[in-house]
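*Asks:* coordinates only, sequence not included:
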Ligand code: BDR
Ligand code: CA
């Protein structure tokens, strides 16, 4: 089967970085048409730079990286340096990238790519706030019907939130964008905190990355060590959740995940629950299903896939 064509929309972020590496390490499964940066974990000048650092680390400087929206649709940007560090990719010092940033705006790249391809052949993989995707849908509504699937990291329901008690970071940062995307009608598969909080970087799993004995393995282990310090303290767990690579792993090995096709609505007005993904898991409303809400992951299988693929870089 031909590799599946994807656009990775991202705000790197150490876990975004691992997701990009996993995709670039899997050319038989995935054809990365472009990486589009958005403001999120850190401001846009850093996320677009970090995206290029990661492509260079993968040995693929020919990857097309685009810069997108620098702020949420109608709110002030909230960032997460408390998790990812000042640069967004804190850990070992990394050289500035030398590969170019594409001239085209990320939103226009998303629009043109969907228009240039047959319907149902391009998958969007948002790993950050949904600002770029929502802006593209608003600017060019004709592309919504052409999307094969949106597989995103965001939201949470049974696990609660990680930036407020009710909201997960990516949705909280731009809830208006999330609402546009969830209301658009394109098929959505979501990896909420309910899944990613099971994908924990235990010592043995981090050692497996380090034991690859490659620059990529060393870097992934070091990044993981960095953001673990914050998350381990917060959750009192034996490792930190490796959120964003769940999206890419799903595209490669969907059988690692289990969920339900249900209705998910985005809260955009409540002060207390802004950015909450209200998931009708028990189908108690008559609102139509609009997303496959994943709830279970085979975490050992996920980390085995990661180690196997990262070894190829
Ligand atoms: C999400 O927020 C970011 O900090 C991570 O990169 C991930 O995309 C988890 O809530
Ligand atoms: Ca992210």
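*Replies:* Alright, I've got the coordinates. Keep in mind that this is a model prediction, so the values were computed, not measured. Numbers count the residues shown, from 1 in each chain. Ligands and ions are numbered 1, 2, ... in the order given.
*Asks:* what about residue 59, distance to residue 183?
*Replies:* Residue 59 sits 40 Å away from residue 183, going by Cβ to Cβ, to the nearest Å. All C-beta spots, glycine's among them, are computed from the backbone N, C-alpha and C.
*Asks:* quick one, helices of the stretch 1-150 of the chain?
*Replies:* With DSSP state H, counting those that start in this stretch as the criterion, the stretch 1-150 of the chain has helices at 14-24, 44-57, 81-84, 106-116, 131-139.
*Asks:* do the third one and ligand 2 come into contact?
*Replies:* No. Residues of helix 81-84 are not located near ligand 2 by Cβ under 5 Å from the ion, the shortest gap being 8.7 Å.
*Asks:* now the closest residue to residue 180 other than its chain neighbours: how far from residue 297?
*Replies:* Using Cβ to Cβ, 6 or more residues apart in numbering and skipping residues adjacent in sequence, the residue nearest residue 180 is residue 134, 3.9 Å away. Remark: distance between residue 134 and residue 297 (Cβ to Cβ) = 27 Å.
*Asks:* more neighbours: these two, which one.
*Replies:* Neighbours per residue, other Cβ atoms under 10 Å: of residue 134 and residue 297, the larger number sits with residue 134, 25 against 22.
*Asks:* quick check: residues of the stretch 1-150 of the chain near ligand 1?
*Replies:* Taking Cβ under 6 Å from any ligand atom, the part of the stretch 1-150 of the chain that reaches ligand 1 is made up of 13, 15-16, 41, 80, 83, 127-128.
*Asks:* how does it look with 8 Å?
*Replies:* Proximity of the stretch 1-150 of the chain to ligand 1 (Cβ under 8 Å from any ligand atom) is limited to residues 11-16, 40-41, 80, 83-84, 127-128.
*Asks:* pull the most distant pair out of these.
*Replies:* The largest separation in those, counting by Cβ to Cβ, is between 83 and 127 at 14.0 Å.
*Asks:* higher neighbour count, these two?
*Replies:* More neighbours surround residue 127 than the other of residue 83 and residue 127, with 31 against 22 (other Cβ under 10 Å).
*Asks:* show me what contacts that one?
*Replies:* Residue 127 makes contacts with 8-11, 13, 15-16, 19, 152-153, 170, 243-244, 247, as judged by Cβ atoms under 8 Å, 6 or more residues apart in numbering.
*Asks:* flag the least confident of the residues you listed.
*Replies:* Among these, residue 13 has the lowest pLDDT, at 93.
*Asks:* what's the nearest residue to that one if we skip its chain neighbours?
*Replies:* The shortest distance from residue 13 to any non-neighbouring residue, by Cβ to Cβ, 6+ apart, is to residue 41 (4.3 Å).
*Asks:* was I right to think the one you found contacts residue 82?
*Replies:* No. If you go by Cβ atoms under 8 Å, residue 41 and residue 82 don't touch, sitting 10.1 Å apart.
*Asks:* more neighbours, the two?
*Replies:* When residue 41 and residue 82 are compared for neighbours, residue 41 comes out ahead with 30 against 9, by other Cβ under 10 Å.
*Asks:* distance of the more buried one from residue 289?
*Replies:* In terms of Cβ to Cβ, residue 41 sits 30 Å off from residue 289.
*Asks:* which parts of this protein sit against ligand 2?
*Replies:* Residues of the chain lying close to ligand 2 (Cβ under 5 Å from the ion) are 11, 13, 16, 127-128, 244.
*Asks:* assign residue 243 to helix, strand or coil.
*Replies:* Assigned with DSSP: H, G, I helix; E, B strand; the rest coil, residue 243 falls in the coil class.
*Asks:* show me what contacts it?
*Replies:* Residues near residue 243 by Cβ under 8 Å, 6+ apart: 15, 127, 153, 191, 193, 196, 199.
*Asks:* so what's the residue count around the nearest residue to it once chain neighbours are set aside?
*Replies:* In this structure, residue 243 finds its nearest non-sequential neighbour in residue 196, 4.1 Å apart by Cβ to Cβ, 6+ apart. By the criterion of other Cβ under 10 Å, residue 196 has 27 neighbours.
*Asks:* could you check how far residue 196 is from ligand 2?
*Replies:* Going from residue 196 to ligand 2 by Cβ to the ion, to the nearest Å gives 10 Å.
*Asks:* pretty sure that residue contacts residue 241?
*Replies:* Yes. Using Cβ under 8 Å, residue 196 is in contact with residue 241, at 4.5 Å.
*Asks:* residues in contact with residue 132?
*Replies:* Here residue 132 is in contact with 9, 36, 38, 68-69, 106-107, 110, 126 (Cβ under 8 Å, 6+ apart).
*Asks:* what's the following helix or strand after the helix or strand of the chain with the lowest mean pLDDT?
*Replies:* The weakest-scoring helix or strand in the chain, judged by mean pLDDT, DSSP states H and E, is helix 215-235 (a mean of 82). Going down the chain from helix 215-235, the next helix or strand is helix 245-252, by DSSP states H and E.
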